[in-house]
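Asks: Here is the input, now give the coordinates:
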Amino acid sequence: MTLTTMFIYFGIFAIIFTFLVDKVWKKRKSWLMTFLQSFIGIFFIFSGLVKIVDPLGTSYKLHDYFGEFEVHFPFISSILPFMEQYAVGLSMTMIVFEIILGLTILLGYLPKLSSWLFLLLVLFFTVLTGFTYLTGHVPGDATFLEFGKWGPWIETNMKVTDCGCFGDFIKLKPFTTFMKDIFLIIPGLYFLFKSNKMHQLMPGKIRGTVTWVSTVGLIVYGMSNFVWNIPKFDFRPFKVGVNIPEQKIAEAKAAEEAPLSYVLTNKSNGEVTELTMENYMKVYKEYPKESFEIDQKHGAPAIPTTKISNFEVSDMEGNDVTEELLSDPQYSFMVVGYKIEFETQPKQIIVSDTTFVADTMIVGDSIQILERIGEITKSEKTVDDYVFDENYIMHYKNVINPLYEKAKAKNIKTYLITAYSEPEKIVDFKETAGVEYPVYVADDILLKTIVRSNPGIVLLKNGVIINKWHFKQFPGFDKLKL
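Replies: Have a look, this model is predicted:
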């Protein structure tokens with residue numbers, strides 16, 4: 001689905017709802033105002049609903065933005081750690097606020113306040129999406145505020161390539177989202193100056209009750225999608241039923257066959273020209289390397305590239321075990337623990353330092369040098385001691401380890417994949433949590449995409465995702481009847 005298609009659907013709904021407001025509820029004051037209320041209301045409700053099924057996804061997107069803000073706006077770096085710590089709470093707040101604002105506009109509840117909030121939210125989104133798009137002008141050795149270093153727009157300069165406006169339901173190009181938010185400023189200003197023309201459905205007390213009950217219900221529903229369960233609607237590539245190795249091969253082939261073009265940047269005036277490979281080969285002599293920067297650009301592949309293409313897993317020695325895991329013809333349990341919860345504290349240890357003395361001995365016609373211990377000294381050394389979160393450890397002791405024991409009895413493999421980390425930390429974690437099954441490592445963003453639970457449990461067979469669970473919802477090995 002594209003943004004244009006969604007706008008058509010929203011427009012059809014807005015026309016139907018406008019008719020109902022006028023003919024059934026007799027509340028219309030202005031045809032234009034009622035249509036815009038209906039259109040914007042359903043637009044915001046839908047945009048929030050496709051995100052509230054996966055609040056963790058939005059929080060991960062916030063982390064991406066915070067990382068970029070730290071680079072480009074160092075004067076606010078002091079507050080970013082606090083915001084990162086509460087990214088999930090901020091995600092929930094933003095999503096629920098967006099849905100409720102759409103509802104209040106649709107109902108006409110508190111029209112003046114709703115108009116102000118809508119305009120301010122749209123302006124905030126415009127700044128955010130504008131920053132996302134405009135970072136394409138910022139080269140890697142500059143920050144956003146160093147305007148003198150800006151150059152021609154290059155897509156690869158952008159570090160956040162998707163604003164997450166519709167979660168994983170649909171990915172929009174940064175320019176598209178930026179233009180969309182600029183467009184929304186127009187109804188925002190109209191609402192503000194003509195709020196007295198807004199239709200108001202139902203008596204005021206009922207509108208208020210609907211708003212507050214909806215707020216509470218949305219909070220509970222949003223939390224259910226990550227606190228004690230995984231999202232019921234999965235828009236990510238690792239859905240139940242997906243054949244990971246087949247999809248990975250298909251994406252790689254599509255990427256290789258994607259149309260190739262050339263981006264030609266004039267070094268003197270910054271003018272950018274894009275030509276297909278066929279056209280470039282006809283006129284390439286007109287673009288000498290002395291005067292033009294020449295970059296290759298692949299067009300959109302027939303099959304979009306997803307995180308499945310990045311599915312690569314290694315053992316603790318760095319050996320690639322991806323094919324081994326995905327080609328297992330039997331059932332296997334892939335436990336995904338993208339982040340091992342821990343803190344570090346300094347620990348004093350005694351280190352022995354041995355000094356050796358070399359003795360020369362003549363044996364027959366040869367000279368031999370023998371080493372002997374001369375002195376052993378002991379000294380204190382400060383090292384990091386890993387202190388693992390007790391609740392996190394109990395997830396493994398109470399759920400994952402019993403699963404491993406039951407699966408082992410039926411020759412079903414269980415393994416854990418966590419994010420790349422210091423081997424010492426993983427060894428300490430295995431000992432603390434009583435982990436006896438293999439531990440592999442992979443990219444943390446990949447692991448977050450596979451399952452929205454830490455740890456999460458994925459049942460595989462021959463590379464196909466049979467099912468997956470939040471650790472709190474795992475029914476137990478015996479109930480699976482494998």
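
Asks: wait, what's in contact with Lys307?
Replies: With CB atoms under 8 Å, 6 or more residues apart in numbering as the criterion, the residues that contact Lys307 are Arg236, Pro237, Phe238, Ile445, Leu446, Thr449, Ile450. All C-beta atoms are positioned from the backbone trio N, CA, C, and that covers glycine.

Asks: repeat that for 7 Å
Replies: Going by CB atoms under 7 Å, 6 or more residues apart in numbering, Lys307 touches Pro237, Leu446, Thr449.

Asks: just checking, which of those belong to helices?
Replies: The members of the contacts of Lys307 that map onto helices under DSSP state H are Leu446, Thr449.

Asks: With respect to Thr4, which of the contacts of Lys307 is nearest?
Replies: The shortest separation between Thr4 and any of those is 23.6 Å, and it belongs to Pro237 (by CB to CB).

Asks: Distance check, the closest one against Lys61.
Replies: Remark: distance between Pro237 and Lys61 (CB to CB, to the nearest Å) = 16 Å.

Asks: same thing with Met223?
Replies: 18 Å.

Asks: okay, those two: which has more neighbours?
Replies: For the pair Met223 and Lys61, the greater number of neighbours falls to Lys61 (20 against 15), based on other CB atoms under 10 Å.

Asks: Check what pLDDT the closest residue to the more buried one other than its chain neighbours gets.
Replies: Ranked by CB to CB, 6 or more residues apart in numbering and with sequence neighbours excluded, the top spatial neighbour of Lys61 is Gly164, at 3.8 Å. Reading off the confidence values, Gly164 has pLDDT 83.

Asks: secondary structure class for Gly164?
Replies: coil (DSSP: H, G, I helix; E, B strand; the rest coil).

Asks: Now it, what are its backbone angles?
Replies: Reported as degrees, to the nearest 10, the phi and psi values for Gly164 are phi 80, psi 20.

Asks: Surely it is in contact with Leu62?
Replies: No: with contact defined as CB atoms under 7 Å, Gly164 does not count as touching Leu62 (8.5 Å).

Asks: Point out where this structure drops to low pLDDT.
Replies: 347-352, 354, 356-365, 370, 372-374, 379, 381-383 (pLDDT under 70).

Asks: Which helix runs longest in it?
Replies: If each helix of the chain is counted by residues according to DSSP H, the longest one is helix 111-134.

Asks: Need the contact partners of that helix.
Replies: Contact with helix 111-134 is made by 101, 104-105, 144, 158, 160, 163, 174-175, 177-178, 181-182, 184-185, 188-189, 191-192, 195, 198, as judged by CB under 7 Å, 6+ apart.

Asks: repeat for stretch 173-184
Replies: For stretch 173-184, the surrounding residues in contact (CB under 7 Å, 6+ apart) are Leu3, Val122, Phe125, Thr126, Thr129, Gly130, Thr132, Tyr133, Met158, Thr161, Cys163, Cys165.

Asks: can you check stretch 390-407 too?
Replies: Contact partners of stretch 390-407, identified using CB under 7 Å, 6+ apart, comprise 333, 335, 341, 414, 432-437, 455, 471, 474, 477-478.

Asks: Repeat that for stretch 217-235.
Replies: Around stretch 217-235, the neighbours that count as contacts under CB under 7 Å, 6+ apart are 52-56, 92, 95-96, 99, 167-169, 451-453, 456, 468-470, 472-473.

Asks: at 8 Å what do you get?
Replies: Stretch 217-235 is contacted from outside by 50, 52-56, 88, 92, 95-96, 99-100, 167-169, 240, 451-453, 456, 468-470, 472-473, using CB under 8 Å, 6+ apart.

Asks: Sort out for me which of these are in helices.
Replies: The subset of those that ends up in helices is Val50, Ile52, Pro55, Leu56, Val88, Met92, Ile95, Val96, Ile99, Ile100, with DSSP H as the criterion.

Asks: Closest to Val71 out of the residues you listed?
Replies: When those are compared for distance to Val71, the smallest value, 22.7 Å, is given by Val88; criterion: CB to CB.

Asks: Contact partners for that closest one?
Replies: Pro55, Leu56, Ser59, Phe226.

Asks: Kindly recompute the last result at 6 Å.
Replies: For Val88, the contacting residues are Ser59, by CB atoms under 6 Å, 6 or more residues apart in numbering.

Asks: separation between it and Leu101?
Replies: Applying CB to CB to Val88 and Leu101 gives a distance of 20 Å.

Asks: same question, Ile417
Replies: With distances defined as CB to CB, the gap from Ile417 to Leu101 amounts to 39 Å.

Asks: same check, this time on His298
Replies: Computed with CB to CB, the distance linking His298 and Leu101 is 39 Å.

Asks: got the residue ranges for the helices in the stretch 151-300 of the chain?
Replies: Under the criterion DSSP state H, counting those that start in this stretch, the stretch 151-300 of the chain contains helices at 174-193, 204-224, 244-256, 277-283.

Asks: could you check the angle helix 111-134 makes with the first one?
Replies: Angle between the axes of helix 174-193 and helix 111-134 is 160 degrees (criterion: axes from the mean of the first three to the mean of the last three CA atoms, to 10 degrees).

Asks: on that earlier part again, tell me how far the longest helix of the chain is from the chain's mean position?
Replies: The chain centroid and the centroid of helix 111-134 are separated by 22 Å, computed with CA atoms, centre = their mean, to the nearest Å.

Asks: and if you look at stretch 166-179?
Replies: Centroid separation between stretch 166-179 and its chain, computed with CA atoms, centre = their mean, is 14 Å.

Asks: Please point out which parts of it sit buried.
Replies: Within stretch 166-179, the residues that qualify as buried are Phe166, Gly167, Asp168, Phe169, Lys171, Leu172, Pro174, Thr176, Thr177, Phe178, Met179, counting by 16 or more other CB atoms under 10 Å.

Asks: quick one, strands of the protein?
Replies: Ranges of strands within the chain are 260-266, 272-276, 292-298, 331-337, 342-363, 366-388, 413-419, 439-442, 456-461, 464-470, based on DSSP state E.
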